[in-house]
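Colleague: Take a look and give me a structure for this.
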Amino acid sequence: LRLGWASGPVPMIDRLALHMQSTSLHTSGISQSLVAALMDHWDQDEKGLVGNWSNHADSVSLLYRGRRDTFIQAAHRHLQGLAEWTTPSAGMFCWMKLNCLEGKDGAPDQDSAQLVRTTLADAKVLFVPGCEFSPDPKVPSPYIRASFSTASPEDMDIALERLAGALRTLDK
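Modeller: Alright, predicted model coming up:
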């Protein structure tokens, strides 16, 4: 089942539509039928009243906003002065800059990949190094991407506490 939708500026959507037209002969009819039936089902409550899809989308948004807020609170508890981040306005990830990987001139001195693949892996904490999202992965990145979508509040707290411990050992 491969499908999706996008919203954004008209020029970007036009380019996405052109890309879809040039890379897919035809969207699967079975996938389209399954999603249409699911949307019809989600758009009716138990009494057959329309609007349940919007309620579902709102409840999912609240769920992830709560997880984001819990993650950010744990970051404030454990990572003050060790990392910098901006509270995401949407999505399921938080980008963090690890201060100890930055050189004196403000340019990245080290890449987060080594830290993620060794020290943090040994500590049983999973983050994605920033270089994985770079157009040039050879350029060092002091960033990591953290997911808060499926972790429990306890796991978020433990993970960020372990990250803080690892960063303190590097900062010495």
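Colleague: who's the spatially most central residue of the chain bridged to?
Modeller: With distances taken as Cα atoms, centre = their mean, the residue of the chain nearest its centroid is Phe93 (2.4 Å). Bridge pairing for Phe93 (DSSP bridges) gives the partners Ser147.
Colleague: Tell me which other helices or strands the helix or strand bottoming out on mean pLDDT in the chain touches.
Modeller: Taking mean pLDDT, DSSP states H and E as the measure, the helix or strand of the chain with the lowest value is helix 29-42, at a mean of 81. With contacts taken as 3 or more Cβ pairs under 8 Å, 6 or more residues apart in numbering; DSSP states H and E, helix 29-42 sits against helix 52-79. Placement of C-beta: from N, CA and C, glycine included.
Colleague: What residues of the helix it packs on count as buried?
Modeller: Buried residues in helix 52-79, defined by neighbour count with 16 or more other Cβ atoms under 10 Å: 52, 67-68, 70-72, 74-75, 78-79.
Colleague: so where's this structure shaky on pLDDT?
Modeller: Filtered on pLDDT under 70, the chain yields the residue ranges 1-3, 25-26, 44-51, 106-108, 171-172.
Colleague: Only C-alpha atoms, please: export stretch 23-32 in CSV.
Modeller: This file holds the C-alpha atoms of stretch 23-32, laid out as CSV (Å, rounded to 0.1, in the frame of the first residue of the first chain):
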residue,chain,number,x,y,z
THR,A,23,7.6,7.8,-12.2
SER,A,24,4.4,5.8,-11.9
LEU,A,25,2.4,4.4,-14.7
HIS,A,26,-0.7,4.3,-12.6
THR,A,27,-1.6,4.4,-8.9
SER,A,28,-2.9,1.0,-7.7
GLY,A,29,-6.7,0.8,-7.9
ILE,A,30,-6.8,-1.6,-4.9
SER,A,31,-4.8,0.9,-2.8
GLN,A,32,-7.2,3.7,-3.9
